[in-house]
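Q: generate a structure from the sequence data that follows.
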Amino acid sequence: MKKVIDILREKVTDGFVKAGYDEKYGMISVSNRPDLCQYQCNGAMAAAKEYKKAPFQIAGEVVEQLSSEAVFAQIEAVNPGFINITVSGEFLAEQAERMNVEERFGVALPEKQKTIVIDYGGANVAKPLHVGHLRPAIIGESVKRICRFMGDNVIGDVHLGDWGLQIGLIIQEVKTRQPELPYFQDDFAGEYPQEPPFTISDLEQIYPHASAYSKEHEDYLQAAQEITAKLQDGHSGYRALWQHILNVSIEDLKKNYDSLQVFFDLWKKESDAQPYIPEMVEKMKKDGIAYMSEGALVVDISEEGDKKELPPCLIVKSNGASLYATTDLATIVEREELFQPDQIIYLADKRQSLHFTQVFRTAKKAKIVRPEVELNFIGFGTMNGKDGKPFKTRDGGVLRLQSLCEQINAEVYKKMKDNREYSGDEAEAIAAKVGLAALKYGDLSNQASKDYIFDIERFASFEGNTGPYILYTIVRIKSLIGRYEEEGGVLSSDNTLLPPVSASETKVYLTLSRFADMMEAAYAELAPNKICQYIFELSESVNHFYHETKVLTEEDEERKNSYIKLLRLVQRVLECCIGMLGFEAPDKM
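A: Numbers count the residues shown, from 1 in each chain. Predicted structure coming up:
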């Protein structure tokens, strides 16, 4: 299905050619003065210099060629040489009919499906999710869903942190508390227990204690480092205990991510990349990519055109240990082997920009990936409190993500109970859905790279540019259609969308018609905020239409059926969009 703007561009381009001008001047854009027109063409302004004519004269000649086109309700040349365009209601209704029968509302599938790996989540085992884990999880989930909607084969990988000193510290503390366990007996030859010797609550207490204790006790830290080395060398007892840590942590993480409607296809870990490191490092040495510098193995990443000098990528430290960059590069080797991706997208704090520049350039230089593979980093800003500082608990600690969700659900629940009566269970179920929308929309409506203020009261509001307002719009449409059906109306494909008869109805049609343009932009820029902006505009336009139009009391049945069909299309588009943002609407609010 051709987009509205493409159809208009073809028409106007044909007008320029027929008037004797180059086709390149027939470019169309959405009007920046919607009070004057819907679309505009500034091509005559650009053509004036080449053809040495007044732009108004050129615009007038082009308009003359297009004056009989049925697509335009009005097309006129205005000083000093703009072409203002208003499309016909019949044309808008026809486009909406086409959208209505297409599963993807007119968005074209790509000529070639891409395979994309998205690395997001980034949680560490044995630690609870905190507010810092919110943005990578929900932005990454939305980007994954956008790419899938656009026709790509997308693989989401949580890529857990499970390898390094943190595991050694946990094992050391478990050993200190329960030295009698078989994992610590060098002469143990039996089967290790199936049940873990700790719960997730134990682990969440063990790691902070061990980390703090190691900072003040050198012998404890040294013991943890020795355990880490033995774990990585294959010590059977430590490996069994490490597996328990993974199993307990992943079970808890899945529950937390499920509650956020964040789902991963792969639960890969840093440890999965370790077998690829030795061969990768040796190849870098052999190819002359990596070299020794002050006892460490490094790769130069500077390129011609860099505005500032970039430090080399450190591959192996002087003590022989690998680093995050090493693991990330080995993970790319693994992904190449398993999936041959066309694109790999990473979600992380924008302060890691240098790290990913180093990893991406090293991967290309060392030919770890094929030259055509796209490597993208989406760096996100900080979620701050009202004081403008990173979001914390009242006592200054890091707020658990579960606590944040509970806070926003409680605020939504309070607002709901203030407005109307609900049964307890019903209100809690609705509040959970609306709370998730408030949380996700509050974040995703911002450009990912920007810091933003997390304002629970504002995000939970049922008015303004918020998730609950979007859901309320959907629920209102559902309710209206429900009453229509109760009164004997039938939602039928035989009903026809009629040309709009009011400015507010025209605005709904126009906003719907821009869905495909918006999706292409959101996909190209990996930007969920563009979907948020669109659905807010669509919700605003349909609510304005709803308030000034007596839909159910409309005496003309054909017109009433058209209204209902239009509202149902709006509902479907809104539900499609919030699905890509990662939340859903309740049946009532």
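
Q: so in the protein, where's the weakest helix or strand by average pLDDT?
A: Lowest on mean pLDDT, DSSP states H and E among the helices and strands of the chain sits helix 401-419, with a mean of 89.

Q: buried sites along it?
A: 401, 404-405, 408-409, 411-413, 415-416 (16 or more other C-beta atoms under 10 Å). Backbone N, C-alpha and C define where each C-beta goes, glycine included.

Q: pull the most distant pair out of these.
A: Using C-beta to C-beta, the two most remote members of these are L401 and M416, lying 22.5 Å apart.

Q: hang on, the earlier thing: does anything pack onto the least confident helix or strand of the chain? Which helices or strands?
A: Using 3 or more C-beta pairs under 8 Å, 6 or more residues apart in numbering; DSSP states H and E, the elements in contact with helix 401-419 are helix 236-259, helix 424-444, helix 456-459.

Q: how distant is it from the center of its chain?
A: Here helix 401-419 is found 23 Å from its chain centre; the criterion is C-alpha atoms, centre = their mean, to the nearest Å.

Q: now what about that helix, what contacts it?
A: Among residues not part of helix 401-419, those counted as contacts by C-beta atoms under 8 Å, 6 or more residues apart in numbering are 128-131, 133-134, 256, 259-260, 391, 393, 422, 427-428, 430-432, 434-436, 438-439, 456-457, 459-462, 468, 589.

Q: name the helix or strand for the closest residue to L526 other than its chain neighbours, please.
A: Leaving aside its chain neighbours, L526 sits nearest to V143 (5.2 Å; criterion: C-beta to C-beta, 6 or more residues apart in numbering). In this assignment (DSSP states H and E), V143 forms part of helix 134-149.

Q: okay, E421: pLDDT?
A: Listed pLDDT for E421 reads 74.

Q: what is the burial count for it?
A: 8 (other C-beta atoms under 10 Å).

Q: one step back: just checking, what packs against the helix holding V143?
A: strand 115-119, strand 153-157, strand 343-349, strand 374-380, helix 424-444, helix 515-525, helix 528-548, helix 557-581.

Q: how about CSV for these, with mean pLDDT, mean neighbour count and distance to I315 added?
A: As requested, the helices and strands packed on helix 134-149 are exported to CSV (pLDDT from 0 to 100; neighbours: other C-beta atoms under 10 Å; distance: least, C-beta to C-beta, whole Å):
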stretch, mean pLDDT, mean neighbour count, distance to I315
strand 115-119, 98, 23, 20
strand 153-157, 98, 20, 22
strand 343-349, 97, 21, 19
strand 374-380, 98, 18, 17
helix 424-444, 92, 21, 35
helix 515-525, 97, 18, 32
helix 528-548, 98, 20, 34
helix 557-581, 98, 20, 38
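
Q: who wins for proximity to D387 among these?
A: Comparing these against D387 with C-beta to C-beta, the closest turns out to be helix 424-444 (17.2 Å).

Q: just how off-centre is that closest one within its chain?
A: How far helix 424-444 lies from its chain's middle: 18 Å, per C-alpha atoms, centre = their mean.

Q: after that helix, which helix or strand is next?
A: Downstream of helix 424-444, the first helix or strand assigned by DSSP H and E is strand 452-453.

Q: list of residues touching that following strand?
A: If you take C-beta under 8 Å, 6+ apart as the criterion, strand 452-453 is touched by 381, 383-386, 388, 443, 446.

Q: report how many residues lie close to K49.
A: 9.

Q: for it, give me the pLDDT.
A: Note on K49: pLDDT of 93.

Q: and it, what element?
A: K49 belongs to helix 43-51, assigned by DSSP H and E.

Q: if we can go back for a sec, now distance to Y291 too, for the helices and strands packed on helix 401-419, in a markdown table please.
A: Formatted as a markdown table, these follow (distance: least, C-beta to C-beta, whole Å):
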| stretch | distance to Y291 |
| --- | --- |
| helix 236-259 | 34 |
| helix 424-444 | 43 |
| helix 456-459 | 51 |
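
Q: out of those helices, flag the one nearest Q571.
A: Closest approach to Q571 among the helices and strands packed on helix 401-419 (C-beta to C-beta): helix 424-444, 15.4 Å.

Q: report the distance from the helix or strand containing E485 to the chain centre.
A: Element membership for E485, per DSSP H and E: helix 467-486. Between the centre of helix 467-486 and the centre of its chain there are 26 Å (C-alpha atoms, centre = their mean).

Q: send over that helix as CSV, restricted to the C-alpha atoms.
A: These are the backbone C-alpha positions of helix 467-486, laid out as CSV (Å, rounded to 0.1, in the frame of the first residue of the first chain):
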residue,chain,number,x,y,z
GLY,A,467,0.3,6.0,29.4
PRO,A,468,-3.0,6.0,31.4
TYR,A,469,-4.4,8.6,29.0
ILE,A,470,-3.6,6.4,26.0
LEU,A,471,-5.2,3.4,27.7
TYR,A,472,-8.2,5.5,28.7
THR,A,473,-8.7,6.5,25.0
ILE,A,474,-8.7,2.8,24.0
VAL,A,475,-11.1,1.8,26.8
ARG,A,476,-13.4,4.7,25.9
ILE,A,477,-13.6,3.5,22.3
LYS,A,478,-14.2,-0.1,23.5
SER,A,479,-17.1,1.1,25.7
LEU,A,480,-18.6,3.1,22.8
ILE,A,481,-18.4,0.2,20.4
GLY,A,482,-19.9,-2.0,23.1
ARG,A,483,-22.9,0.3,23.5
TYR,A,484,-23.3,0.4,19.7
GLU,A,485,-23.5,-3.4,19.6
GLU,A,486,-25.9,-3.5,22.6
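
Q: give the buried residues for it.
A: 467-478, 480-481, 484.

Q: name the SS class of G488, please.
A: When classified by DSSP: H, G, I helix; E, B strand; the rest coil, G488 comes out as coil.

Q: so how many other residues sit close to it?
A: G488 has 6 neighbours, counted by other C-beta under 10 Å.

Q: gap between it and N561?
A: According to C-beta to C-beta, to the nearest Å, G488 stands 12 Å off from N561.

Q: returning to what we had before: turn the contacts of strand 452-453 into a markdown table, including distance to Y523.
A: As requested, the contacts of strand 452-453 are arranged in a markdown table below (distance: C-beta to C-beta, whole Å):
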| residue | distance to Y523 |
| --- | --- |
| G381 | 21 |
| M383 | 25 |
| N384 | 29 |
| G385 | 32 |
| K386 | 34 |
| G388 | 33 |
| D443 | 19 |
| N446 | 18 |
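
Q: can you say which of these are buried?
A: Taking 16+ other C-beta under 10 Å as the criterion, what is buried in the contacts of strand 452-453 is 381, 383-384, 443, 446.

Q: tell me where the stretch 201-350 of the chain has helices.
A: Assigned helices in the stretch 201-350 of the chain, in chain order: 218-233, 236-259, 270-273, 277-286, 324-339 (criterion: DSSP state H, counting those that start in this stretch).

Q: could I get those in TSV, plus columns for distance to R33?
A: Below are those laid out as TSV (distance: least, C-beta to C-beta, whole Å):
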stretch	distance to R33
helix 218-233	64
helix 236-259	46
helix 270-273	54
helix 277-286	57
helix 324-339	48
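
Q: to V117, which of those lies closest?
A: So among the helices of the stretch 201-350 of the chain, helix 324-339 is nearest, using C-beta to C-beta, at 5.4 Å.

Q: buried set for the closest one?
A: 325-336, 339.

Q: and the closest residue in space to K365 that isn't next to it in sequence, what is it in contact with?
A: Leaving aside its sequence neighbours, K365 sits nearest to I289 (C-beta to C-beta, 6+ apart; 5.9 Å). By C-beta under 8 Å, 6+ apart, the residues touching I289 are 299, 362, 365-366.

Q: go again using 6 Å as the cut-off
A: The contact partners of I289, by C-beta atoms under 6 Å, 6 or more residues apart in numbering, come to 299, 365-366.

Q: Q38: which of these is nearest?
A: Nearest member of these to Q38, counting by C-beta to C-beta, is K365, at 49.5 Å.

Q: my read: Y534 touches D517, true?
A: No - judged on C-beta atoms under 6 Å, Y534 makes no contact with D517 at a distance of 9.2 Å.

Q: tilt between the least confident helix or strand of the chain and helix 424-444?
A: Counting by axes from the mean of the first three to the mean of the last three C-alpha atoms, to 10 degrees, helix 401-419 lies at 120 degrees to helix 424-444.
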